[in-house]
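**Q** Just to be clear, the model below is a prediction. Sequence and coordinates:
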Amino acid sequence: MDYYKKGSDIVLRQKDLDLGQTLDCGQAFRWEKAGDDTYTGFFLRKALTVSQKDDIFTFRDTTEEEFLGIWADYFDLMRDYGELKERFSEDETMRKACGYAPGIRLLRQDAFECAVSFVISQNNNIPRIKGIIGRLCERFGGFPEKEQLYGMDADDFAFLRAGFRGKYLADLCSRLESGETDIDAISALPTDEARKELMKVKGIGPKVADCIMLFGMDKCDAFPKDVWIKRVMAEYYPQGMPLCTKGCEGIAQQYLFHYIRTGVKT
């Protein structure tokens with residue numbers, strides 16, 4: 001990693017990263033644009049303001065310890081996305097998708113926060129998801145620890161104005177409290193087994209389970225399929241994803257998702 005300290009900031013030179021493409025692509029819901037090429041957001045209760053100018057990134061008011069211990073992992077800076085894109089580009093459609101949004105990266109998020117966020121995301125749009133999560137964080141002074149939600153039923157989640165999703169959150173938290181669902185144990189399982197365990201929670205189907213695994217458990221072979229990705233599969237990959245994406249299908253999905261929504265039209 002090519003970085004240095006500058007006052008209270010950390011300055012990073014990094015290829016293959018674009019803040020807008022990464023933070024606005026629907027994998028995380030606690031980031032807001034704060035100006036030209038500047039975003040503010042959170043990992044759990046840790047806040048960050050980060051700016052970009054070409055391939056130079058300024059992580060503002062953060063220590064070297066926090067940068068290396070939190071943000072380098074969160075932005076997946078140790079993974080060689082240049083090598084990944086070169087590999088993916090053996091396939092023509094993947095080559096176009098990677099070329100269209102070359103700065104997308106996987107955000108390595110907290111598994112519990114991901115589980116809550118993607119339960120909330122069902123049949124929902126990004127502004128409303130952000131509003132619900134914002135109200136949750138406001139109530140608890142930051143994203144809550146799972147223990148803070150123990151004992152809450154659907155009525156207790158009414159302040160979120162999340163509709164039917166309140167009962168799903170209540171079931172998730174009840175199962176976590178009883179030990180029927182163990183996020184850490186699930187994270188250690190192979191992907192197929194982890195998916196089955198997550199789907200025991202009310203409201204978690206295959207797509208939400210795969211989102212939780214991909215974004216919160218670093219299971220890069222998890223492959224969330226929404227209406228856009230189903231369209232990709234039907235049109236370009238009726239026999240399945242190409243061999244060049246094997247083991248990293250979830251990362252390939254990020255490029256394809258962005259490309260099929262906006263790139264194909266242009």
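**A** Nice, I can see it. Numbers count the residues shown, from 1 in each chain.

**Q** Got phi/psi on the closest residue to C173 other than its chain neighbours?
**A** Excluding its sequence neighbours, the residue lying closest to C173 (Cβ to Cβ, 6 or more residues apart in numbering) is L149, at 4.4 Å. C-beta coordinates here come from the backbone N, C-alpha and C atoms, glycine included. The phi/psi pair for L149 (degrees, to the nearest 10) reads phi -100, psi 0.

**Q** Beta-bridge partners for the nearest residue to F57 once chain neighbours are set aside, please?
**A** In this structure, F57 finds its nearest non-sequential neighbour in L12, 4.4 Å apart by Cβ to Cβ, 6+ apart. Bridge pairing for L12 (DSSP bridges) gives the partners Y3, F57.

**Q** L12 and F59 touch, don't they?
**A** Yes - L12 is within contact range of F59, at 6.7 Å (criterion: Cβ atoms under 8 Å).

**Q** if we can go back for a sec, gap between the residue nearest to F57 and K53?
**A** For L12, the distance to K53 equals 11 Å [Cβ to Cβ, to the nearest Å].

**Q** who has more neighbours, those two?
**A** Ranked by neighbour count (other Cβ atoms under 10 Å), L12 and K53 place L12 first, with 22 against 10.

**Q** Please tell me how far the more buried one sits from I260.
**A** In terms of Cβ to Cβ, L12 sits 30 Å off from I260.

**Q** cool, and K6?
**A** On the measure of Cβ to Cβ, K6 and I260 end up 39 Å apart.

**Q** what do you get for I186?
**A** Between I186 and I260 the computed distance is 29 Å (Cβ to Cβ).

**Q** count of residues packed around the nearest residue to R139 once chain neighbours are set aside?
**A** Excluding the flanking residues, the one nearest R139 by Cβ to Cβ, 6+ apart is F159, at 6.4 Å. Applying other Cβ under 10 Å, we find 13 residues neighbouring F159.

**Q** my hunch is that F159 is in a strand, does that hold up?
**A** No - the assignment for F159 (DSSP: H, G, I helix; E, B strand; the rest coil) gives helix, which keeps it out of a strand.

**Q** which one is D218 nearest to, not counting chain neighbours?
**A** R108 (5.8 Å).

**Q** What does the pLDDT read for that neighbour?
**A** Per-residue confidence (pLDDT) for R108: 96.

**Q** Check the one 4 residues further on too.
**A** pLDDT recorded at F112 is 96.

**Q** quick one: it from K167, how far?
**A** 18 Å.
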